[in-house]
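# predicted model and sequence below, questions to follow.
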Amino acid sequence: MVADPRNDPGWCSKVESVEPAGERRWMVTHKPVPLRPPMELTLRQLDVQPPSRLTLREEDDASIFDVEYRLEPSETGTRFTQISEFEWKKLPRVLHRTFARGVRRDMRGQLQAMKRLLER
């Protein structure tokens with residue numbers, strides 16, 4: 001599900017489309033929000049170790065996100081972990097904390113949507 005970025009629109013409500021842009025690279029278009037046009041970002045798979053680890057870099061004009069997904073066996077099934085680090089390119093420092101809360105909220109929502117999709 002996560003290793004193929006073309007699945008992103010199914011569990012990430014912000015993603016409108018994902019198009020291949022080279023080897024292990026994609027162009028991701030986010031849906032427009034009020035007063036702003038659709039946003040495009042590049043997505044690169046940095047490291048792929050099926051089935052246990054995937055690392056990605058997402059970059060647009062405003063930010064860089066480094067994301068790692070891990071799958072590990074557990075006593076009750078499989079543990080899925082997402083680790084995300086991000087930095088702002090243009091955002092004034094005084095707004096970093098506020099925007100970081102929004103990013104964490106969005107990530108929780110995406111993981112919940114993925115869980116619902118997988119459990120169907």
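Arrived safely, thanks for sending. Numbers count the residues shown, from 1 in each chain.
# contacts for stretch 1-10 next, please.
11, 15-18, 26, 28, 43, 45, 48, 50, 54, 69, 114, 117-118 (Cβ atoms under 8 Å, 6 or more residues apart in numbering). C-beta here means a position set from N, CA and C on the backbone, and glycine is covered the same way.
# try stretch 55-64
Residues outside stretch 55-64 that contact it (Cβ under 8 Å, 6+ apart) are 28, 39-48, 65-69, 86-91.
# and for stretch 74-82?
With Cβ under 8 Å, 6+ apart, stretch 74-82 has contacts from 67, 68, 69, 70, 71, 72, 73, 107, 111.
# present those as a markdown table; the columns should include distance to residue 33, secondary structure and neighbour count.
Listed next are the contacts of stretch 74-82 as a markdown table, based on distance: Cβ to Cβ, whole Å; DSSP: H, G, I helix; E, B strand; the rest coil; neighbours: other Cβ atoms under 10 Å:
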| residue | distance to residue 33 | secondary structure | neighbour count |
| --- | --- | --- | --- |
| 67 | 21 | strand | 18 |
| 68 | 27 | strand | 15 |
| 69 | 26 | strand | 17 |
| 70 | 31 | strand | 14 |
| 71 | 32 | strand | 16 |
| 72 | 35 | strand | 10 |
| 73 | 39 | strand | 9 |
| 107 | 17 | helix | 16 |
| 111 | 21 | helix | 14 |
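# of all those residues, which two lie farthest apart?
The most widely separated members of the contacts of stretch 74-82 are 73 and 107, with 23.5 Å between them, by Cβ to Cβ.
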